Every structure is written in structure tokens, then in C-alpha cells.
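> sequence and predicted model, in that order:
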Amino acid sequence: MSPQSEETAEQQAGEFTLGARVSTAPKATVEVPEPDEQWPLPNGFAHVYYAEGHPQGITRPVVMADGFNLGRSDLDWLYQGLNGADGGYPLISELRRRGRDVILLGFEERSASILDNAQAAVAAIMRTNAQQLGDAALTVGGFSMGGLITRYALAQMETQRMDHRTRMYFSYDSPHRGGVVPVGIQAFAHFIPVPNKFARQMNSPAARQMLWRHYDPETGEIGVAPERREFLERLAQVGQWPRIPRVLALANGRGDGTGLEIESGDTALGVQGIYPGTTFSTQAQGRDVVVAELKRRFPKAEKTITTSGFPEIDGAPGGTLRSYGILADTLKKLGAQVDLRHEHVCFVPSVSAVSVRDLDQQKDLYADIDGLSPDESDVDDFICSSANTGHTVATEELCTWLLDRLPE
């Protein structure tokens, strides 16, 4: 590869994003029918699919919100991710077979502020109530960040004395106590010498609100973003959670404290060719722990990324994301040689998904949730997976648990 080609390749290294399984294109597609209705909404839109055998309109609605990524929601992707694509459970078909109307909620910009996208959720709930035939209560929830958006929307409506008529709220692997993207990967997004998609995603309002720890590209500091502090304050102002509906939480991670087979401080990804000598390491405990050595040739630069006081969060029990795998795929396509040793790492720890512990301490991050009193969770009922599975993957275990708890 010529020096000019290598420079171009280094500049293109950020043309990817990290996203929930249901918010990205599936590898194997399934058929998506035409929606029975399409709704434009403030900051978003919705596709409506009537229950089987009920073509006259909405009778028993289930509103489900999309998750975090960059750009406009693709509700065909969401439909497929929730209906059997890539071997997942056909949740949407099963809901419709059981007489439920499915309303998929998307956003004009998935990386926009959670508070702004909550306006779309409020509007979807209000329109559902306005058009519904009969008086069956609503079920409202979301996947990944969609669970945070609908949580805030319902709580805000209650604070404002708006009747949401929702009997059950659910979140599916939502980062209630924060989500995790390795800070070395976050830093790499801004080490790329030109503006890029991944940097926009990692520094977006939603990322800064959702991530447990954020890398600030202006200062190089790693900590709780001001936007996250503000979001948590806004949640507190509306009472933290909706209080009228039954509150359920589902986690793609295990509940017995068993994490991933990842040794802390191990090499996760090494790179040669472009960004030669760049290495990423799995998170270890301690002070001044090196998590990334970033090196580039055009213009020549080196940067060491360190953390202090972190738990071993990459290997924690939780819903996983191909964080290093996606980065490695992008670099390989650009001509790099990669040494990928840990393709998947934890994205939403189980303790975050069921809101039972914060993520700061090792003992809390790896807590035996199954052995805790249910009263220690913020939610009314929850389930953790029997295995650590992909973030927002629609598994039979989780989906049937949810279906069995839908209100009559």
C-alpha cells in the first residue's frame, strides 16, 4: 500500500457505528409487511401493525421504541430484529398472534438527546390512546436506549398529570445505571485525524447521557459527562420511574455474577499496517491502567489512554456488543492486519439492565443478582438471562417471559 493510500485508509477508519442488535442491519433478513398505519411524530415516527384477525384498527396496543445508533431509525431493521432475523425469537409475530397491535417507535436522530426523543414517545402514546378502539390498557417499552426514552416519557406524563393509560412498562437490556463503550475505543474515534461518523456517535448527546464513563475529546478527561448528570437530575425531577404501570426489566446478561471469559489487562485488539502498533487492552482494576496505545502515521502521533479506579467492566455479566469486532472489521477492510482476541465485551451490565447496583465497584458489577432480595431492584419484576447474550438479542427465554406478563 502506498503512503497516499495508507493516509486515505487512516482517514476512513471512523466510518462505522456501534449499535444495538435491533438497531442495525440484520445478516439474514426476514419479510417485513407493509405497516397498517404510519405516523409522523415530533422528533420521530411510528409504524403500526394490527393484531392478526383485527383489521379494523388498534385494540390492544404494545408500543416498542428503537435503541441507540447514529442517524434515523430504520423500522424495517427493528421489525426484523424483533421477528426472527439471525435466529432470534419472532416476538412481533407472536404478539400479533396473541391479539396485540404492535407500534414500532423510531426517531429522526437516534443519537439526539433522550429528553428530546421522549417527545416522540409521548406523542406516540397520546396518538395510540386517541385512535384506540375499546379500553384495553397500553403496554409501553423499549430496547436499549428506547427503554430509557419510554421510562422518562411515562414518568414525565405522570408528573404533568397526563393520562397515559399504560398498565405495563418494560425495558429490554436498557442501561438504567449506564452503558459501557471501552474508553480506548472512544478515544480512538477522536484520534482519527478527520471528522467521522464514529466520533459523532461517541460524542453525541445520547452517548454523553447514556455512557457510564465518557471520553471528552476536548480535554482528554474520562468521567461522567455533564449531560449524564443533567439527565439523571431530570429523571429525579419526574420521580425516576413511572409509578402507575407495572415496571419490568429484562437483561441479556446473566444474573449469577458469572461474567465473560475475558482476562483483565489482556490484549483485546492489536493493529498493524494502518495505525501500526495501536493496541487496545481489556479493562483492569488499579490506577493509571493502560487501556490503549494509539499510533498513527498521517500526521504522525501517539497517545496513551489510561484509567484509574475502574472495575473489570469489559468482562462483566451483561448484554454484549461486538465493540472490538466491529472496529477490527473496519480496519481490515481498509488494509490493516489485526490481532483480534476479544471480539465481544460487555455493553450493558446485568446490574444496570435490572437497576439493582451501580457500576463503580467490582463487587457490585459482579453481584449475584439471583441471590439478592427482589426489593433491591428499582423495578417490580425482572429477569436475567441464563447466559450472557448479545445486547438486545430477542431470545426465546426473555421474550416468552415478557409475553407471559402482558396485561389482559
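That came through fine.

> which ones are touching Leu359?
Neighbouring residues of Leu359 by C-beta atoms under 8 Å, 6 or more residues apart in numbering: 177-178, 180, 212, 311, 313, 316, 349, 351-352, 365. To be clear about C-beta, it is placed using only N, CA and C from the backbone, and glycine gets the same treatment.

> go again with 6 Å.
Counting by C-beta atoms under 6 Å, 6 or more residues apart in numbering, Leu359 touches 177-178, 212, 349, 365.

> which one is it nearest to, not counting chain neighbours?
Nearest non-adjacent residue to Leu359, counting by C-beta to C-beta, 6 or more residues apart in numbering: Trp212, 5.1 Å away.

> CA atoms only: put the worst-scoring helix or strand of the chain on mean pLDDT into PDB for me.
One helix or strand of the chain scores below all others by mean pLDDT, DSSP states H and E: helix 3-11, with a mean of 90. Provided in PDB are the C-alpha atoms of helix 3-11 (Å, rounded to 0.1, in the frame of the first residue of the first chain):
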ATOM      1  CA  PRO A   3       1.800   6.200   1.600                       C
ATOM      2  CA  GLN A   4      -1.000   8.100   0.000                       C
ATOM      3  CA  SER A   5      -3.300   5.000   0.200                       C
ATOM      4  CA  GLU A   6      -2.300   4.500   3.800                       C
ATOM      5  CA  GLU A   7      -3.200   8.100   4.600                       C
ATOM      6  CA  THR A   8      -6.600   7.700   3.000                       C
ATOM      7  CA  ALA A   9      -7.200   4.500   4.800                       C
ATOM      8  CA  GLU A  10      -6.400   6.100   8.200                       C
ATOM      9  CA  GLN A  11      -8.800   8.900   7.400                       C
END
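
> show me where this protein has helices.
If DSSP state H is used as the criterion, the helices of the chain fall at 3-11, 75-81, 91-97, 114-131, 145-159, 183-191, 197-202, 205-210, 226-237, 323-333, 350-353, 362-365, 396-403.

> give me the neighbour count for Ser386.
Other residues lying near Ser386 total 12 when counted by other C-beta atoms under 10 Å.

> also the one 10 residues further on?
Using other C-beta under 10 Å, Glu396 has 12 other residues around it.

> ok so, going back, pretty sure the residue nearest to Leu359 contacts Gly178?
Yes - under the criterion of C-beta atoms under 6 Å, Trp212 makes contact with Gly178 at 3.1 Å.

> rewinding a little: need the contacts of Leu359 in JSON lines (columns: pLDDT, neighbour count and distance to Leu321).
Shown next, in JSON lines, are those (pLDDT from 0 to 100; neighbours: other C-beta atoms under 10 Å; distance: C-beta to C-beta, whole Å):
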{"residue": "Arg177", "pLDDT": "98", "neighbour count": "22", "distance to Leu321": "17"}
{"residue": "Gly178", "pLDDT": "98", "neighbour count": "22", "distance to Leu321": "14"}
{"residue": "Trp212", "pLDDT": "98", "neighbour count": "21", "distance to Leu321": "14"}
{"residue": "Pro349", "pLDDT": "98", "neighbour count": "30", "distance to Leu321": "12"}
{"residue": "Leu365", "pLDDT": "98", "neighbour count": "27", "distance to Leu321": "16"}
